[in-house]
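Undergrad: Sequence plus predicted model, see below.
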Amino acid sequence: MSQELLKIENLTKRYDDNTVLQSINMTVRQGEVVVIIGPSGCGKSTFLRCINGLEPIQEGTISFEGELIDRKSKNIAEIRQKIGMVFQNYELFPHLTVMDNILLAPTKVQKRNKEEVKKEAEELLEKVGLSEKSNSYPRQLSGGQKQRVAIVRALCMHPDILLFDEVTAALDPEMVREVLDVMLGLAKQGRTMLIVTHEMQFARAVADRIVFFDGGHIVEEGKPEEFFTNPKTERAKKFLDIFEFDSIK
């Protein structure tokens, strides 16, 4: 059995009196693709932000590769380098070119050789169909292109796990597929990924495991075919009733 990378135990997150996540327990193993789905406002994105130490938690623990994730610990920056996160709104620096956006963290934070990172970045940009955009600025790119750049930037940090937070939610429908194709390719490479998405067909195609959130709780989880064809809970059945499923090639 593959190594356990991420372990969440009894995670509870509150904003003042509002409990957003309640007693969440989950593990993610090396090479596993876990897709989190559920209605808007159920705590999915907050969950990813807690994992990456971007949000404080009130109860429970989050461990990555055996190390406790604590925003106040001295090694939090080191742990974060192993956890790549791709956001819904890209988070690209508008005043930097595509290449400079990608080079910034590996060269400044990880102190890696600039030419080596640049070579890797060029190879990755070519793989996602953006080799001609390395000197462009974010304002010159479409939403789908920006998101593919954000994925390349995360990959250049050599993370052990990738977190994707609704990365297609802000895209026009015709741009969604180009981003999902890149993520499908990463899954086939054996990348460990934790994905929050509303794209149900994509979730069914890419996931090793589906986790269904509602009201800050994990309501149900299972293999994608089992979950989508025979959900065990009434809440999951009701949620899935609004979607139509076609096969993803």
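TA: In hand now; what should we look at? Numbering: from 1, shown residues only.
Undergrad: C-alpha only now, for contacts and for neighbours.
TA: Noted.
Undergrad: Next, the contact list for the residue nearest the centre of the chain, please.
TA: In the chain, the residue lying closest to the centroid (Cα atoms, centre = their mean) is Phe164, at 1.7 Å. Counting by Cα atoms under 8 Å, 6 or more residues apart in numbering, Phe164 makes contact with 85-87, 193-196.
Undergrad: Next step: the residues you listed restricted to strands.
TA: 85-86, 193-196 (DSSP state E).
Undergrad: for the protein, what's the longest helix?
TA: Ordering each helix of the chain by length in residues (DSSP state H) puts helix 173-188 first.
Undergrad: could you say what helices and strands that helix packs with?
TA: Here helix 173-188 touches helix 143-155, helix 200-206, going by 3 or more Cα pairs under 8 Å, 6 or more residues apart in numbering; DSSP states H and E.
Undergrad: circling back: most widely separated two among the contacts of Phe164?
TA: Greatest spatial distance in the contacts of Phe164: Phe87 and Met193, 13.6 Å, computed using Cα to Cα.
Undergrad: Name the spans of the chain whose pLDDT lies under the cut-off.
TA: 1, 244-249 (pLDDT under 70).
Undergrad: What ranges does it have for its helices?
TA: In the chain, the segments counted as helices under DSSP H are 44-51, 76-80, 98-108, 114-127, 143-155, 173-188, 200-206, 224-229, 234-240.
Undergrad: Could I get those helices in a markdown table, plus columns for distance to Val28 and mean neighbour count?
TA: Shown next, in a markdown table, are the helices of the chain (distance: least, Cα to Cα, whole Å; neighbours: other Cα atoms under 10 Å):
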| stretch | distance to Val28 | mean neighbour count |
| --- | --- | --- |
| helix 44-51 | 12 | 21 |
| helix 76-80 | 16 | 15 |
| helix 98-108 | 25 | 20 |
| helix 114-127 | 26 | 16 |
| helix 143-155 | 19 | 24 |
| helix 173-188 | 14 | 16 |
| helix 200-206 | 15 | 19 |
| helix 224-229 | 16 | 17 |
| helix 234-240 | 22 | 14 |
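Undergrad: Same list (those helices) but as TSV, adding distance to Lys13.
TA: TSV is the format used below for those (distance: least, Cα to Cα, whole Å):
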stretch	distance to Lys13
helix 44-51	8
helix 76-80	19
helix 98-108	29
helix 114-127	36
helix 143-155	26
helix 173-188	29
helix 200-206	25
helix 224-229	26
helix 234-240	22
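Undergrad: For Val20, which of those helices is the nearest?
TA: Nearest to Val20 among the helices of the chain is helix 44-51 (7.9 Å), distances taken as Cα to Cα.
Undergrad: packing partners for the closest one?
TA: So helix 44-51, by 3+ Cα pairs under 8 Å, 6+ apart, packs with strand 161-165.
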